[in-house]
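J.: give me the fold of what follows.
(one chain, ligands or ions: 1)
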Amino acid sequence: MDKKIALLQDKIKQANLGGGQARIDSQHAKGKLTARERIHFLMDEGSFEEIGMMVTHRSTDFGMEREKYLGDGVVTGYGTINGRLTYVFSQDFTVFGGSLSETHAEKICKLMDMAMKNGAPLIGLNDSGGARIQEGVVSLGGYADIFYKNVQASGVIPQLSAIMGPCAGGAVYSPAITDFILMVENTSYMFVTGPNVVKTVTHEEVTSEELGGATTHATKSGVTHFACSNEIEAINHLKKLLSYMPQNCEEIPLQCPYEAGDESRLSLNTFMPENASQPYDIREIISTITDADSFLEIHKDFAENIVVGFARLAGRSIGVVANQPAYLAGVLDSNSSTKAARFVRFCNCFNIPLLVFEDVPGFLPGTDQEWNGIITNGAKLLYAFSEATVPRITVITRKAYGGAYDVMNSKHIGADLNYAWPSAEIAVMGAKGAAEIIFKREITSAENPEEKWIEKEKLYADIFANPYRAAERGFVDEVIEPSQTRMKLIKAFKMLENKVVNHPRKKHGNIPL
Ligand code: HXC
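T.: Just a heads-up that it's a prediction; the model follows:
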């Protein structure tokens, strides 16, 4: 038995070395951690249990039978993060560049099945040269098996992807199907075709970083939700993200301990600028109203005219969606609609109540928006809110104009409660534009058209630039003092915690993609 145990220990040692010390050193030299080091920093100490450590590939072409590494380029297993069961796979770049073989894919699929059966989140730490070139089509098949399971798991368990190295070709589609993507600046990239192919086909010269680095995807494409400055920051973000989520779609998120105190926020009574056109940063309102330091912004640098993220209110997780008057006046456009719609759908999948702050002058006009499908993209947000069955509350802080009033979680599309601050203006459009249209004849025929316009603008504003017309109809449930917002929201979300909505039976809806 001693000899047999020694053999086992030897194999474990070998597996822990992955592709060997030289390749580990080269990984470190690139400023990257190894697959096992990443798991070490991610999981609670001593909690990780590896599955499939002895797996090797089955390939025999190109002399591959002579080059085998235990684990075959991916470390898979389970453990806990902040005490909660989590499954993780971590690709090992030191073994064939972390490339995906048939058996590598099988290991990931096995883990996904376990995560789904046992209802716990799955984290993928990606660092891979893509399909194992020596294996050909079986590797492509392996990818497709993973994509299929990603879709099966979508909405059942949270799936998070951290990109820690290359992620190219079709390999990008597994992370893209998962709920959140995190990338690391300067050491990770994602693209469907790399710079060489781009140069051949389109004659564009572009570096990997420009084409698909973390900053590019965080600001231009919105593919990644976070661009982290290093791997440890990415790992810490993964842990924080999970803390807002339940383990699966049948649970509600964990409630953090919370001691009730003075819930009034007096500073908010004097926060709003005198002039309704003056911008302000909605994040100040979010962080004043939600629990201290609880707001985690997602997609921070993409479509900045809308702010989305997780926060806590009296210890309970909520998803926040808020127009951002400090960027493009908080207007809704294609990117902000798509960004918010995806976030709303995530929250609805995982029983996270939604809190909306509304200050929106409408949808962005122009050929760029129309030709890029603002109609379809705006409809995504409308659809996402309308189908959401989680508790939904809106606070109108200032403008709620036009179609955007309907879209931003109005009562008409199923919001449970709408509050408005006294500064709210709820109308088809701003008073100036409205007066120009409906009083056109009077203005143009007036002795002093400019004066007439101002007079008519005031008339329209007196009628609609307030929350009371909407409150008379019950479209706004209550006009509240800003300082009371937190207190009202805590009570209202508590009141809504057992909300049940049954939509008509169907296979699935057809969200305008
Ligand atoms: C087999 C691979 C590999 C691959 C890298 N390696 N990619 N082995 N299959 N796909 C091996 C290398 O031979 C090398 O082995 C080791 O990994 C490290 O690679 P290097 O090139 O030395 O590293 P680096 O300079 O950092 O470059 C990394 C890289 C480059 C940019 C990822 O290796 C590369 O371009 N690889 C090919 C990428 C690719 O075209 N993949 C297919 C994409 S298509 P040694 O023994 O020297 O350590 C695809 C389709 C998926 O993935 C479709 C799904 C639908």
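
J.: contact partners for the spatially closest residue to Ile181 that is not a sequence neighbour?
T.: In this structure, Ile181 finds its nearest non-sequential neighbour in Thr224, 4.6 Å apart by C-beta to C-beta, 6 or more residues apart in numbering. For every residue, glycine as well, the C-beta is placed using N, CA and C. For Thr224, the contact set (C-beta atoms under 8 Å, 6 or more residues apart in numbering) comprises 163, 181-183, 190, 214, 217-218.

J.: which residues does the residue of the stretch 151-300 of the chain found nearest the ligand contact?
T.: Residue nearest to the ligand within the stretch 151-300 of the chain: Gly170 (2.3 Å; C-beta to the nearest ligand atom). By C-beta under 8 Å, 6+ apart, the residues touching Gly170 are 130-131, 140, 143, 192.

J.: drop anything exposed from the residues you listed.
T.: Neighbour-count burial (16 or more other C-beta atoms under 10 Å) applied to these gives 130-131, 140, 143.

J.: I'd like the next helix or strand past the longest strand that the chain contains.
T.: In the chain, assigned by DSSP state E, the strand with the most residues is strand 392-401. Once the chain leaves strand 392-401, the next helix or strand it forms, by DSSP states H and E, is helix 402-407.

J.: show me which residues of that following helix are buried.
T.: So, applying 16+ other C-beta under 10 Å, buried residues of helix 402-407: 402, 404-405, 407.

J.: do stretch 121-138 as well
T.: The neighbour-count check on stretch 121-138 (16+ other C-beta under 10 Å) flags 121-132, 134-135, 138 as buried.

J.: show me those that map onto helices.
T.: Here DSSP state H is the test, and these give Val138 as lying in helices.

J.: farthest pair in the buried residues of stretch 121-138?
T.: Across these, no pair lies farther apart than Pro121 and Gln134, at 32.7 Å, counting by C-beta to C-beta.

J.: between the buried residues of helix 402-407, which is nearest Pro246?
T.: Val407 (27.1 Å).

J.: name the nearest residue to the closest one, ignoring sequence neighbours.
T.: Excluding the flanking residues, the one nearest Val407 by C-beta to C-beta, 6+ apart is Leu382, at 4.8 Å.

J.: surely that neighbour and His412 touch.
T.: No. In this structure, Leu382 is not within contact of His412 by C-beta atoms under 8 Å, at 10.5 Å.

J.: what about the closest residue to the ligand within the stretch 301-450 of the chain, how many neighbours?
T.: Per C-beta to the nearest ligand atom, Arg342 is where the stretch 301-450 of the chain lies closest to the ligand, at 22.2 Å. Arg342: 19 surrounding residues under other C-beta atoms under 10 Å.

J.: again with Met114
T.: So Met114, with other C-beta under 10 Å, has 16 neighbours.

J.: what's the answer for Ser188, then?
T.: For Ser188, the count of nearby residues is 28 (other C-beta under 10 Å).

J.: Leu85 sits in which helix or strand?
T.: strand 84-91.

J.: same check, this time on Pro365
T.: Assigned by DSSP H and E, Pro365 falls within no helix or strand.

J.: give me phi/psi at it?
T.: phi -80, psi 160 (degrees, to the nearest 10).

J.: mind listing what the closest residue to the ligand within the stretch 401-513 of the chain touches?
T.: Nearest residue of the stretch 401-513 of the chain to the ligand, counting by C-beta to the nearest ligand atom: Leu513, 20.0 Å away. With contact taken as C-beta under 8 Å, 6+ apart, Leu513 is in contact with 376, 380.

J.: quick one: it from Thr290, how far?
T.: Leu513 sits 31 Å away from Thr290 when distances are taken as C-beta to C-beta, to the nearest Å.
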